[in-house]
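Student: compute the structure for the input listed below.
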Amino acid sequence: MMGKIKSLIIRYKGLILYVVFGAGTTLINWLVYYLCYAVLGVPNVPSTVIAWILSVAFAFITNKLWVFGSRSFERKTLLREAASFTAARLATGVLDVGIMVLAVDVLSRNAGVWKLLSNIIVVILNYVISKLVVFKKK
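Tutor: Predicted structure coming up:
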């Protein structure tokens with residue numbers, strides 16, 4: 001039984017780490033937003049932007065090193081990975097907003113349900129884009 005569990009962990013190591021570091025990314029986003037907005041009195045939009053920047057930076061580093069195992073720190077590689085990672089996160093962020101506007105504002109659907117569905121779509125897309133485009137193995 002333990003051998004089977006160990007085999008599954010090894011097989012799905014990247015996906016497991018993606019979930020763990022994704023939870024960390026979310027926690028950083030929430031904590032930075034709260035610190036900026038509630039503690040320091042920074043307005044909502046700048047607080048959101050600061051939280052997004054820091055959480056995406058954390059996600060990039062953890063995804064690069066531990067989830068996808070990209071060990072190259074050549075300037076060209078690092079710039080390509082960082083740019084494509086950030087672009088992908090911006091694109092899925094826009095998709096998230098688009099889904100929410102369409103589902104909630106236009107179609108008057110349940111916001112909680114659609115936020116969950118939208119987040120599932122975004123998380124899956126972020127993983128696939130990171131695996132197949134940003135940190136693809138040569």
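Student: and the biggest helix by length in the chain, what's buried?
Tutor: When the chain is parsed with DSSP state H, its longest helix is helix 75-100. By neighbour count with 16 or more other C-beta atoms under 10 Å, helix 75-100 contains the buried residues 81-82, 84-86, 88-89, 92, 96, 99-100. Quick note: C-beta positions are derived from backbone N, CA and C, even for glycine.
Student: what of stretch 6-18?
Tutor: Residues of stretch 6-18 classed as buried by neighbour count (16+ other C-beta under 10 Å): 14, 17-18.
Student: pLDDT on that stretch, on average?
Tutor: Across stretch 6-18, the average pLDDT comes to 93.
Student: now find how far off-centre that stretch is within its chain.
Tutor: 18 Å (C-alpha atoms, centre = their mean, to the nearest Å).
Student: show me the contact partners of it.
Tutor: 62-63, 66-69, 127, 131 (C-beta atoms under 8 Å, 6 or more residues apart in numbering).
Student: mark which of those are part of helices, please.
Tutor: Short answer: the contacts of stretch 6-18 in helices (DSSP H) are 62, 127.
Student: can I get whichever strand or helix holds residue 30 in PDB, CA atoms only?
Tutor: Element membership for residue 30 (DSSP states H and E) is helix 13-34. C-alpha atoms of helix 13-34 as PDB (Å, rounded to 0.1, in the frame of the first residue of the first chain):
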ATOM      1  CA  LYS A  13       4.800  15.400  -7.900                       C
ATOM      2  CA  GLY A  14       4.500  18.400 -10.200                       C
ATOM      3  CA  LEU A  15       0.800  18.600  -9.900                       C
ATOM      4  CA  ILE A  16       0.900  18.200  -6.100                       C
ATOM      5  CA  LEU A  17       3.500  20.900  -5.800                       C
ATOM      6  CA  TYR A  18       1.400  23.100  -8.100                       C
ATOM      7  CA  VAL A  19      -1.500  22.800  -5.800                       C
ATOM      8  CA  VAL A  20       0.600  23.400  -2.700                       C
ATOM      9  CA  PHE A  21       2.400  26.500  -4.100                       C
ATOM     10  CA  GLY A  22      -0.900  27.700  -5.600                       C
ATOM     11  CA  ALA A  23      -2.400  27.700  -2.100                       C
ATOM     12  CA  GLY A  24       0.700  29.700  -0.900                       C
ATOM     13  CA  THR A  25       0.200  32.100  -3.800                       C
ATOM     14  CA  THR A  26      -3.400  32.600  -2.800                       C
ATOM     15  CA  LEU A  27      -2.400  33.200   0.800                       C
ATOM     16  CA  ILE A  28       0.200  35.700  -0.200                       C
ATOM     17  CA  ASN A  29      -2.300  37.500  -2.400                       C
ATOM     18  CA  TRP A  30      -4.800  37.700   0.500                       C
ATOM     19  CA  LEU A  31      -2.300  38.700   3.100                       C
ATOM     20  CA  VAL A  32      -0.700  41.400   1.000                       C
ATOM     21  CA  TYR A  33      -4.000  42.800   0.000                       C
ATOM     22  CA  TYR A  34      -5.200  42.800   3.700                       C
END
